[in-house]
Structure formats: structure tokens, C-alpha cells
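Q: Below are the sequence and a predicted model; questions follow.
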6 protein chains.
Amino acid sequence: MPDMEVLSEALRYIRRFQGLSVVVKSGGHAMVDGSTMENIARDLVLTRNVGIRPVLVHGGGPEISRVMDRMGKEPRVVEGLRVTDEETLEIAKMALIGNVGTRMVANIWTGGGRGVGLTGKDGGLFIARRKGSKRVRVGGEEREVDLGFVGEIVSIDTDVVETVAERGYIPVISPIAMDEDGGSLNVNADEVAGELAGALGASKLIMVTDVPGVLRDREDPSSLVSEMSVPEVRRAIEDGVVSGGMVPKLEACTGAITSSTVDRAHIIDGTRPHSILEELFTDRGSGTMITLGEKI
Amino acid sequence: MPDMEVLSEALRYIRRFQGLSVVVKSGGHAMVDGSTMENIARDLVLTRNVGIRPVLVHGGGPEISRVMDRMGKEPRVVEGLRVTDEETLEIAKMALIGNVGTRMVANIWTGGGRGVGLTGKDGGLFIARRKGSKRVRVGGEEREVDLGFVGEIVSIDTDVVETVAERGYIPVISPIAMDEDGGSLNVNADEVAGELAGALGASKLIMVTDVPGVLRDREDPSSLVSEMSVPEVRRAIEDGVVSGGMVPKLEACTGAITSSTVDRAHIIDGTRPHSILEELFTDRGSGTMITLGEKI
Amino acid sequence: MPDMEVLSEALRYIRRFQGLSVVVKSGGHAMVDGSTMENIARDLVLTRNVGIRPVLVHGGGPEISRVMDRMGKEPRVVEGLRVTDEETLEIAKMALIGNVGTRMVANIWTGGGRGVGLTGKDGGLFIARRKGSKRVRVGGEEREVDLGFVGEIVSIDTDVVETVAERGYIPVISPIAMDEDGGSLNVNADEVAGELAGALGASKLIMVTDVPGVLRDREDPSSLVSEMSVPEVRRAIEDGVVSGGMVPKLEACTGAITSSTVDRAHIIDGTRPHSILEELFTDRGSGTMITLGEKI
Amino acid sequence: MPDMEVLSEALRYIRRFQGLSVVVKSGGHAMVDGSTMENIARDLVLTRNVGIRPVLVHGGGPEISRVMDRMGKEPRVVEGLRVTDEETLEIAKMALIGNVGTRMVANIWTGGGRGVGLTGKDGGLFIARRKGSKRVRVGGEEREVDLGFVGEIVSIDTDVVETVAERGYIPVISPIAMDEDGGSLNVNADEVAGELAGALGASKLIMVTDVPGVLRDREDPSSLVSEMSVPEVRRAIEDGVVSGGMVPKLEACTGAITSSTVDRAHIIDGTRPHSILEELFTDRGSGTMITLGEKI
Amino acid sequence: MPDMEVLSEALRYIRRFQGLSVVVKSGGHAMVDGSTMENIARDLVLTRNVGIRPVLVHGGGPEISRVMDRMGKEPRVVEGLRVTDEETLEIAKMALIGNVGTRMVANIWTGGGRGVGLTGKDGGLFIARRKGSKRVRVGGEEREVDLGFVGEIVSIDTDVVETVAERGYIPVISPIAMDEDGGSLNVNADEVAGELAGALGASKLIMVTDVPGVLRDREDPSSLVSEMSVPEVRRAIEDGVVSGGMVPKLEACTGAITSSTVDRAHIIDGTRPHSILEELFTDRGSGTMITLGEKI
Amino acid sequence: MPDMEVLSEALRYIRRFQGLSVVVKSGGHAMVDGSTMENIARDLVLTRNVGIRPVLVHGGGPEISRVMDRMGKEPRVVEGLRVTDEETLEIAKMALIGNVGTRMVANIWTGGGRGVGLTGKDGGLFIARRKGSKRVRVGGEEREVDLGFVGEIVSIDTDVVETVAERGYIPVISPIAMDEDGGSLNVNADEVAGELAGALGASKLIMVTDVPGVLRDREDPSSLVSEMSVPEVRRAIEDGVVSGGMVPKLEACTGAITSSTVDRAHIIDGTRPHSILEELFTDRGSGTMITLGEKI
């Protein structure tokens, strides 16, 4: 009866996490695929129902692109850098909050739970300031490129998240921050998830992607690294072993682990059914787990 | 010292309304005028700060039109009736939730309060079903026109509104309902406000418009009717004395009064500073007050 | 990943039973087998840890016999009926409370939980009166045989059980009742479990035995009946399809189902690891489930 | 609509003071004028009704004189100093508690509120010891004059005041203290108010008099000083700019400000309707405000 | 060890009365005798300290007479009836509240407890209306004599008494009522005690006098009647067996018993040390106990 | 009326001990005498009823001997030392928990209270380790004698005791500890009582024996020492003035006094009715009181 062993193991994890927050970040690709959204929503509901408090932060790049395309707007790129001008910001806001967030809330509802869509503006959840410009090297000389309405978080007030989470709701958070004048800024969703996990005193940060985790060979799913320490992650980034979108995910993970109550962060595959449950409630987990490891 | 008399009068009203909910509905025109939004937000914050629980429901027609225009989409009109097709619904959702709602939440923040944007989907706040078609008479013969994704409310669960309002937040509600499969439906904001006032056991329903109230002569602001009974309202509608957008507002008012805890409803002018405070906290009020009047 | 389906199914059951009481009765044979006791204790602890309130009622026939044997005392049998004289009662009390109960409490402790041993005397948990005599037919004529210190329950006050269960303890109850003068009476453990389940408003009654459940053919474990309605149980008893120790178990089950909040009762095999978890947290269950069935 | 600005300003003050205590001391002259008592009572009730906790301490010199006169008793004066002999103390007790206190409680009742009369004896609210004697210079030589039953406060236990204030009552306190043997002592009401404000952690101390406040020229009401710092008050007393009954009032104010949570104290005119409301809820205030000012 | 039996008996009574109110009325004569006041205060404190809630109502006739005498005022008597004119009322108020009440509060303090002096005006505790006139027969003809400012209770709001009693204070109540305009009325203290006992849901009403109880022969203390039923009391009054001040006491007792939660009322001797304890905590009691007896 | 003085004195003690725990240890001899058990039970119930929390720890030597005798088992003695072999341990467990404890619980019930039987195993109340061996001198040479299953307490978790005591139950504790593997160990009841008194923050430790207290001359009850300081106790033990079973009692008393909140411990005679009440609630007490005395 090996599945009863799985269950008995799961009951131990349930007890350990009861009453604690778990921040789940799901990427923008997952947010345009109906069945992945359903997978994630279902696992969040099951998790919430046994007394754990999941908080979802979602991205939405592909959805933003879709709406821009519909409005006949080209992404603005200056010297190879994506720039969020005012119009792009407005489209991002509408697409993330009006489409992605509400759709996720609806998936949670049809999955048997109750979600509440939030942004950084609700109750002053997260306040950001403009990241300003970035130096780029163009043809031998350096130039400053203004990134536009892109923000970095300067303060978090988790009260609104905790108020609804305590009451049994699953917060669904769009990565639009408020600036100090009440304006909007686009913030990287990985960064939001990492900072929020710390501010909530969460026990776990789970990054849901569309790949199995960190792969030694990006073409070979069987090359999955099941556990990495923070120093190993740093070395892997330095050595270029990991690159692209995996880098900010790993940075959010190591940031949360080294500076907060989060002691384990995970990168898992959202297209696989029940991958969140497997991660939370089994010894074997799924994907790649990041731990503090030995201090260097 | 006549202003001290005003204050002393106000203190009596504050005491009467403390701990009660007041539903304020502000129309779409108010939502595109910065200073009107600021007026409304400031009054909501002051009201919340002395222990009354304002709940805002907003419209957004002009903003929806602006976004449609930006996306090069024409409003669909069949036999003179506006039809909400799928694309229009998506634009409405994005404009109402992503733009209008978040902007109002930001105005509350800069006014010193804390707002939370919500829709009918959050926590299953309001579930609707499609209104279906409407019979129209075209050239002597009747035809059915399908109104598309327009809903009428079938159930309300105010828990999420009460959870955040109890904690000091001002709920800002976009009139997008959830249908039974998790899909979206556009609902008339006046209808949402009226139903919500009843479900919350609110003591007041305040419709904020851009006119002074019900006018005997629509061109003459001095012809303001300062009080009407429900039977008078009904007669005025039948006789065509009031028409246009004022009709659904009056219907939401009479509906709330005749079927719920709401015993006074008001139609006031949001462009006038502190018109909500004046309405709530003075004997003279502002605009038109609807009362039950004698039963017929 | 079929075990994740098992887990996801289990999470639904956990949610359903959280905060509710489940009465588990384990027979005397289980109570002399170390590994069965460990099995049961482990499952009780896991169940308690996720917020369900298990209450254990235990039997102890074999242990009583062992102690009687040690004290050189023969069971008293009159006309084929077992009679509990004063000395037997004292031995039963000592064996059940002093040995079986404390041993089970210790097993719960080593399994990671906290148990509290109780009897019907503690806080007046259950008061009984003597069952009196039973008519037996001896050689063609009827005679009354006094059963001695055997009781039937006349009142239950669950306060002490609820006080400790609310606080996280697992009550372990020996079937010794108090009579109205403060004396002791032996009560059938199945009867205690059934009555207690009703009085506690328990959602489940689980009878842990050393057989797989109700068998169509007692020699053939594969003839297990996985579900029976109350009328089917009654017919099976009348027709003699079931007999012996299974009869009082089935009667306690049907009694609890027909007269209380218990809507499902179960007869399972305690020698099988995690049989309680399997019963509580899977669709397939284990053993025989008794349901109300159609009313006759 | 300038009165709406007044109201909006008032709402901010209401929020700031909600849940806090405000000690109001009204002098003996106010206590013999019916309409001034009504003014004060009405403002206390309005203040209490919006969630602020006013506590009234009253004087009663003129009422004591009236009763003494009625009983044919002359005030005892030794070397120009008023002496409270045993008979005077008894008359003071009866006049203050039996007449002034109960009359104020009745005014609060007819003003729509609920008052509770208290003295220093109730619940050991304030314990005092005799002030003893005072040196006076008579015809070139110094003599000690025993002041009789006049006390200075040695301890305060605010529990009884807080118990009734929390429950919505307005405490009305007569300045009769208990000595350590259960006897009575007369205490200066300004001193009681100042000490009580400190002990209650009050945010404000308001001295209600029958003059507009501190006047540069005592004959000219238009010479009102609207704000004074503690050092300015001290200098004004030293220089003799203020004198008479204003001195103990100013000393109670500066004492409370320099040694407690009170950060603003006020001297206002009780004969002016709503002068307490104006003081508490407007920027302009009324009368003279004492602030800490720069430290010297 | 017979005193241990007394103690064990007392513990049973303590348990029975814990958390309940007991109204004690002490007459005016007791209020001018220092050692009787100390006796009463000490017993009230001991009673309060074990968790019972004593409420004291006091009279004060002799003290009123003393103050009137001091003020050179003669009692006004019209046709043999005492009349409370305005001046008498004021003296009564001052003497009862300012002297008797505060002195009792001080006695409670020196006895180790905490008292709070109250009147019918505090928190609107009891509202009365003028009793109006009484018909008297003078020389063969009937005349109306206006009794002046003497009231009968029309409503009781026990909130202020319960607020302080819950918090551990012993309420000390002077029998001055508020009339509907905020004025004062003198009320018979026995009547106040009886009505208050009913309104508080008190379990006992104890009338403390300076006689042992109801005596068969007023000159012979050994003729004490230790128990009377309500019908017996009525017959004794009708037959003139009891007369004078004992009549209103007995009427307050029978009134409270027949119309409220009070099931036993007692008339005891306050000059005897610990007579209240003896009454409350022993089987034998002290003085005369009034019970409902058989219904007639 | 001297018994009223006793009562008034008792009320002061009741107030002092309300809400506090008092540990009562009754010896094994008391536990085989019906009327002594009734005495003790009655006093515990009365004490509990006025809000004090008695906790009973009982011994049971004579009962263990009786059962051993019934089972034909001889006490094992090695070199003059009593040895608890496995069989003896089992008999001790059965006799203490199954007989003595349940009988005491029944006595509390018939005395009007509610008891709960507990052991060191319930909720891990007390964990012990084997005391190991003791050196004895036999015929001029020392030998180690293994004492068998006798334990000394290594940790106490009072939660289960406090949970039931708060709820009004009287815990009845058998001195059987759990060892770290879930096994049982016999612990000296005096030691359990002393340790438990400390762990509970009890205010008193009362040792109920069958002698009047410490006697100067063991044959002469009138030689009772009514008070001893800890140093006097130590000297008396050293000098052999006290010996036998009195020694561990005195050691438990001095241990509790010198290392915990217990400031007075008492040795009293359980055969005397109400000796516990007399001890707790009178100045004179009964038996011998141990106090800290001057520090040496």
C-alpha cells in the first residue's frame, strides 16, 4: 500500500505548514494556457483547504504582448532594451489586472475556492520607485537608456494580503506597484514574489515555470538538478550555466532565502498536474529545490 | 458662530451612521475627471475615518469608449441597441478594473485612506446570468436583439466586502460579474449599487452624478427637487418628467428603499466639493433625497 | 503520478473532517498485539495533527483473561453465560484502565502525539445501570441468569472528552462505567463507541477489528462486502449471514447511523498498516462501509 | 460652501482624538449659571457620541458660599488666608457632590448623554494629604497659618474613571479627596484636572472659564492671546501680566504639558455656545492655547 | 470541630451565590453609627471578595434631620404629614449624597474594598415621578396634602450599577431619583432597594435595621420570628401585628419576592457584627427570612 | 458569635487562593479507608467550588500489597531493599490507576464534584528515568542493589493538568511515570507531589497522612509541632528526631518551598474531618506547617 505511505508523509507536511504562508509565483506563459491555470488553481485551493495560506503572484508578458498587438502597438526597444512608455504601462495594467488576475480568480472559483485579485495599489501593498536608466554599451561607447515606467519595490505593507488570507481567500497579485504620487509602475513578478515572501514571513517560495527546473543541459529534461545550495546557484549564474529567464527566478529564490524566514525555495513545472502538491507534501518534491547550504 | 451649529448637527449624524455601511455609486463621467475623483475620494476617506463604512461602486462608460477608440473598435449597435460582444466585454473588463478601479484606489491613497479594488469575481461577490435578448420594434415588426455579455445579478455574497471594510479599507467595486462558469458579464453599475446596498444592510445609497439631482426643468439648476417619495418617483418616470440616465438611477434608489434596510437614497452632484459630506452630515443635504413616502 | 491523485483526494477529505470528531473503537485482540497498537496509534496521531479529532474506545477481553489467569481465577459461567462477579469486575478494571489504556497512551506518545486515558468515571463521562439478568433456556425450561456487574449506558456527559480533545489530546477510553452510587460496571466497548459517537456529534464511527470487514464467506477474505445499507445489515443478521462478535459491531454501527450525526460507519482491519488513514482519506476506503441506505 | 470645509477639518480632528481622553475643567462660576452648564453638557455629549472620552472636573466656590450663607456660617479667614475648618469642609462636600455634581449629571442627561458623578473617594480615585500651613507675613513678622482641611494629591487610581468612560459614561468629578484614614479633604479643582489629565494619558486639558482666555489687557476682550508657550506663560506669571484665578489655571496647564501625555492645554470661555467643540474640532480653536514651545 | 462544619456549609453558599447580585439596604439609623457602618462595610467587602456582588442602598433620615437642624430649618408638616418642600429636598440631596454616601464609600475603603457612590441620576439609574398628594382625614373631612418632592420609581436602568459591580466595585446608592426634566426627587430607600433587586435579577434582598427582625412582642427580642411566608406577612400587616417602619420594609420584601428573581428576603440587625455574613452563609441565618410560602 | 469570626477569616483566605493551584498528596493508607477518602474528596470539592484548584496526588502501597497478595506474589526484597521487578510494576500500575485512582474519582463524584484520573503518561505529564541501583552494606562489604522499575522525574509538562483544572475538574494523579521509550516507572508519590507543586506554580503543598503532623514524641499526639522552618526540618532529620515515612514527606515539603512558588507546606491528618479546609482557611491551621524560615 505504498500510496498510504505517501499520504502519511503528506499529513506530516500539512501539519508543518498549517497556518503558514506559501508564496507561489506563476510565470506569464502559464497564464495564457487554460489547463496550466486550472492545474495551479486546483492545487492552491486544495492547499488552502487544509489550512495553509497560499498567495499567488502572477506574471503576464505574453498576455501584454497579445493586447499590444490587438491595439496595433509595437514594443518600444531602445538600444536593445525594452522600454515601458506610458502607453505600454497602461496596456500592461489593463492586461495584468483586468485579464490575467480576474481569470485566475475565476479559475480558483471553479476549482472550489475563493480568490481575491489585488495589485500593489490595494491598501498600499507595495510602493515602488522608477528604476531609472540603465547603462548600455553601443558601438564602443556607453549610453544611458531610460527604462520608463518600470519600478523597484521600496516598501511593502502586507496587511491587505493577510486580512483576506486569514479569512480563507487566496490573494492573486498583479505586479503593478503604486509610486509615491499614486501613479503606477510595472515591477518584475519574480521580484514581487521574493519580496512578498520575506515580508509575509512565508515558509516557502515556489516559482512555477514551464520547465522542469534547473537543467544541467537545457535540451535534456533528465538532466534536472534536484537540489542546489545558494553558493551553487551563485556559481552557476556566474559561470553562465544558467541564463535567460531562469536568472531572475534564481535571484528571487536566493534573495528570499538569505534575507527572510523562507528556508526553501523551489522551481517547478506548472504544466505537470499537481506539481505544487508534490512539491509541498512529498519528500521527493518536484523540480529544483534551493537551500541555504553551507555559508561561504 | 453658525458653523459650530453645522458641526454640532454633523456630530449627531456621525453618531447615527457609525459602524454602518453607506453605498456610494459614482458614474462613469465622474471617473474621467481628475478633480471629481479627488473630491469623491477625499469625502470617502473622511467618512471612513470617523467610523462609517463607505463602499464605492463605479461606472466607466466614457473610459470604455476611450479604450475601444484606441483599439480601433466601433461600438456594435443592432437595431439601435448597444450590444456587448466578446471583444467589447474584454475591453470593458480591462478599462473598468485595470484603469478606473485602480485609479480610484490611488486617489483614496493620496487622499489619506486605503482602498481595495474588487469585482464581482473576487470571493464570488456577485454572480450574474446573461440578460438575454430584448424585443425591439423595427419598422412595424418586433425583433429580438441579443444584448450579448450583459448580466443581471442572481446572487451576492458580501463577505469579501465586509472583510476588508471591517479592517478599515474602502472597497472600490467594478461592475464586472462572474457567470456560473467563471466567465465575465458586464452589469449596470446602478443595479450593482442598489443590490449591494440591500445585501450589506446599508443605511444609505448615494448616487453621485454630474447634475445637481432631479430637476423639474433639465435646463434650469434652480428647479432642483429636494425630496421625492417613491410614488412620486414612479409617477415622474411614467409621465416622462425624468428620462435618460436618470431613470436607472431612480430605479436603483426606489428598489433599494422598498426592499431593504436602505431608508433614504440620494442623487447628488459629484463635481461640487464635499457634496457627499454635505449629504451625509447636514440636515439640508444636497441634491435630491428619495424616501419611502406614503404607501400606495 | 497517480499517488498525487490519492493525495489530492485525501486533501478533500481532510477539509471535510477538520474540526469534527471521529470515534475509533479497537477490539481487545488488537490491544494485545504490539504492532497493531502502533499502527492504530500512528494513524490517530496523523489524523489529529491535521485537525481532526479522533477519540479511541478500546476493548480488552484477552488482556482481562490473561490477568485472571495470572491471579488463578477461572471465568465464571452460569448456564453457558459469562458472569461478571465482583472479583472479575475488579480485574477487568485493573486490566483495562491500568494496562490497556496506559499502554495505548504510551503508543500515542511514541508515535508523536499526546493521549489521555479516561474511563466512564472521569467527569461522569458515562453512567450506567446493571443490565440485570438474561433469560436462558436450560433443558426445556427458562431460567434467569444474573449477568453481574455488566452495565448499559444511561447517560453520557462528553465535556471531559471535548475539553481534552479541543486542546489537542487524543482521548483513550476504557469501557468502565460509573453506576449511580459511584461504583463500577463493565460495559461492552462497541456499545460505548456507538453511544459516544452519537453524543459527540461525530461524523464517523470506525470499528477496528482483526478481520478485513464483513465477509460473505468467513473463510475467504476476497469475499469482502465493501458497502452495506442498514436494511442489508439487518437482514444479514436475521439470516445468520453474520454472527459472533461481528453482530454487536454491526449493531453499534447501525445504531449510531440511525440515531445520530454519524452518517457512515466502518469495519476495518487494524492489522493492516494505515487502514484508518485509508478509510478516512480515500474514496476506495478499506473494509466494509455501513450507510443508511434506503429507508424501509 | 465654507461650512463644509469646517466640517471636513472637524472630521480630521475627530479621527485624531477618537478613543482618547480629554479632561475638561469647568470653574465654579460656570456651575451656578444654568445656560453655561447646558452649553458645556451639550458639547460633552456630542464629543462623547463620536467616540472621544471627555472627563469633567468641576469647581464650586460660589455654590459653597451660597450654602454657607444659607447655614449662617461665615467664611473663616485668618491673616487674610481662607481656612477650611471641619464645618466648612462638610458644607463643601455637600455642596460640591450633592448639588453641583448631580446637577451637572442631570444636564448631561437632558442633553442626551449619560453622566456619572464621582469624587476622589470613589474607588480611591485620588488620595490626598493635608497641605498643612502656609507662612504669611503679618506686620513685619512671619506666621504659620494652618489651612485646615485642604489637601494635595498624593496618588491617583484612574480605574473607576476608565471603567465608566469606556462604557460610554461621562465622569463628572467633584474635587473632594480621600485622606489615608478615609476622611475628606478639599482639593483645588484645577490641580485635580491637571493631575488627572496626566494619569489618564489624556491628549488635551481644557479649562472652561468665564473669560475669553488670557488677555493682554484684562478689560479688553480683543486683546486675547491665542497661543502661548510654556516659557511665555512662566514669564507672564513672573512679570505679573497674569494674576488672580488665572494663575492656578495656567499652572495646571503647564504642569500637565511638561509632565504628561497632554501636549496642548486650553483656556476657553464657557459662556460662549459650543466653545468646547470649536476648541477641539477647528484649526482656529477658541481662547488661549498653551503649548510646550521651545525648551529653556 | 463544629466551626469547620460552619465553614463547609458556608462554602456551599458561596458557590451558590458567586456571580450573583445581593441587594443590601441599610437604614438611616445605621448610617449615623460609626461602628454599625464599619460592620456593614466589612461584610460587604468580604462578600465581594469571594465573588458575590453586593449592592448597597442606604437611607438617611437622621442625617437629614441633623443638617436641617444645623441650617435652622424645621421639618414641614401639614395635617400630620411630612412634606418635602424644595429646600428640604436640597438638604436631603446634600446630606444623602454628600455625607452619607461618601462616608459609606470611605468605610468600604478602610475595610479593604472599593466602593462607588451613585444616585438615581447617574446614568439614569432610576427615574421617578412625583407621588403627588395624599388624602388625609382632618376633623371629619378629607383633604389632599401635597407631599412635595417625593417620588415613585417609573423606570430603572441598571447598566451603571452592573458596569461598576462587574469590575469589582461595591455600588453605594443614595435614594435620590431623577425626574423626567432632570430634577431631583426623594424616594423611599426601601422602595429603591426592592425595585433594584428585581431589576438586577438579584438573588437576595437584605434589609439591615437596628432591630433583630420581626418580633412577636416588640419589647422582647426573644420573640423573633425566624421565618415568614408572604401570606403570613400580609396577614401580620393587616392585623396590625407589625407596624411603623417595619411595614415598608416588609412590603419591599414581599414586592421583590412576588415579582422578581429574589426568592428570599431578610430583615436583620446591623448592630450585630457579621450579621450579613451569618445571613448569607449559614443555614440558621439571622433575623427574619421572608419566603414565598404557599400561594393563596 | 465566634464562628462568624472563623468564617470572616476564611473568606480572606478564599480570596487569597482563588485561581491558584493547591497540590494535595494523600498517602496510601488513606486510600484504603473509605471514610478518609470521603473526607478528602469532600474537602477537595468544596475547595474547587469556591474557585481554588486542588490537584490530588495519591499513593497506594497497601493497595498494591493487597493485589500482590491476591495474585500470590511475594514482595521481592534484596539485601533488605524492596525491588520493583516487572511483575510488581505491572501490579502497581493496575492497583494504582485501575483501583485507587478510579475510586478517588468516584468519591469526588459522589461528593458533588468532577474528577479526572491521570498518570504521568497522560499528555507526557511526567517523564522519569530509572533510579538505578543503591549501594548497601552487607556483612562488612558494599554491594549494589538494582531497585528495578523505580524512577526519578526528569521532566514535567503540566498542560494536561491545567487543561482539566481550568475547566473545573479535580485532577487525581497516580504516581506512574512514563520513561523515554513509553514504558512505565513507579515514582514516589511524595516526590511527584513536590515536583508538581513547583511546576504548577502552586501556592501550597499539603501532605495528608494518618498522623496529626510532626510529633516531638511519636507516641504523644499532644506533642505536635505546629510550625517548623526549613532549617529546623533539616536539623530534625539529621538528628533523627523524625524518621521513617515522615522523612520523604518533609523532604518533598522543603524541596517545594526552597525551589518554587510554594511558600508554605503542611503535613496534616486525613482521618480528621475537614482537616484540609481547616488547613487552608483558618489562621490556626491543623497539623504541622513548614515555612522557609531564616536563610542559613
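A: Alright, I've got the coordinates.
Q: And for the residue of chain A found nearest chain E, the neighbour number?
A: Using Cβ to the nearest Cβ, the closest approach of chain A to chain E is made by A:E166 at 31.2 Å. Quick note: C-beta positions are derived from backbone N, CA and C, even for glycine. A:E166 has 12 neighbouring residues, counting by other Cβ atoms under 10 Å in any protein chain shown.
Q: What of A:L147?
A: Neighbour number of A:L147 under other Cβ under 10 Å is 17.
Q: From A:L185, how far off is the closest residue to it other than its chain neighbours?
A: Here the nearest residue to A:L147 in space, its sequence neighbours aside, is A:K131; by Cβ to Cβ, 6 or more residues apart in numbering or on different chains that works out to 5.5 Å. Distance of A:K131 to A:L185, computed by Cβ to Cβ, to the nearest Å: 9 Å.
Q: Looking at those two, which has the bigger crowd around it?
A: Neighbour comparison, A:K131 and A:L185: the larger count goes to A:L185, with 26 against 18 (by other Cβ under 10 Å).
Q: helix, strand or coil for the more buried one?
A: Secondary structure state of A:L185, per DSSP: H, G, I helix; E, B strand; the rest coil, is strand.
Q: What separation do you get for the nearest residue to it once chain neighbours are set aside and B:I268?
A: Nearest non-adjacent residue to A:L185, counting by Cβ to Cβ, 6+ apart: A:G151, 3.1 Å away. Counting by Cβ to Cβ, the separation of A:G151 from B:I268 is 37 Å.
Q: Compare these two (neighbour count), which wins?
A: A:G151 (27 against 23).
Q: one step back: list the contacts for the residue of chain A closest to chain E?
A: A:R53 (Cβ atoms under 8 Å, 6 or more residues apart in numbering or on different chains).
Q: A:N49 too?
A: A:112-113, C:11-12, C:14-15 are the contacts of A:N49 under Cβ under 8 Å, 6+ apart.
Q: Chain D next: which of the residues you listed are close?
A: When Cβ under 8 Å from any Cβ of the partner chain is applied, no member of the contacts of A:N49 is adjacent to chain D.
Q: Mind checking which of those residues land in helices?
A: With helices taken from DSSP state H, the overlap with these comprises C:11-12, C:14-15.
Q: Give me the neighbour count for the closest residue to chain F within chain A.
A: Relative to chain F, the nearest point of chain A is A:R15 (17.8 Å; Cβ to the nearest Cβ). A:R15 sits with 18 neighbouring residues when counted by other Cβ under 10 Å.
Q: quick one on the thing from earlier: overlap in contacts, A:K131 and A:L185.
A: With Cβ under 8 Å, 6+ apart, A:K131 and A:L185 have common neighbours A:150-151.
Q: Skipping its backbone neighbours, what lies nearest A:A193 in space?
A: Using Cβ to Cβ, 6+ apart, the closest residue to A:A193 is A:K25 (3.5 Å).
Q: Please tell me I have it right and that neighbour contacts A:H58.
A: Yes: using Cβ atoms under 8 Å, A:K25 is in contact with A:H58, at 7.4 Å.
Q: any residues in contact with both of these two?
A: With Cβ under 8 Å, 6+ apart as the test, A:K25 and A:H58 both reach A:A189.
Q: now the closest residue to chain C within the stretch 51-200 of chain A: how far from D:E90?
A: Nearest to chain C in the stretch 51-200 of chain A, going by Cβ to the nearest Cβ, is A:G51, at a distance of 6.5 Å. Distance, A:G51 to D:E90, using Cβ to Cβ: 68 Å.
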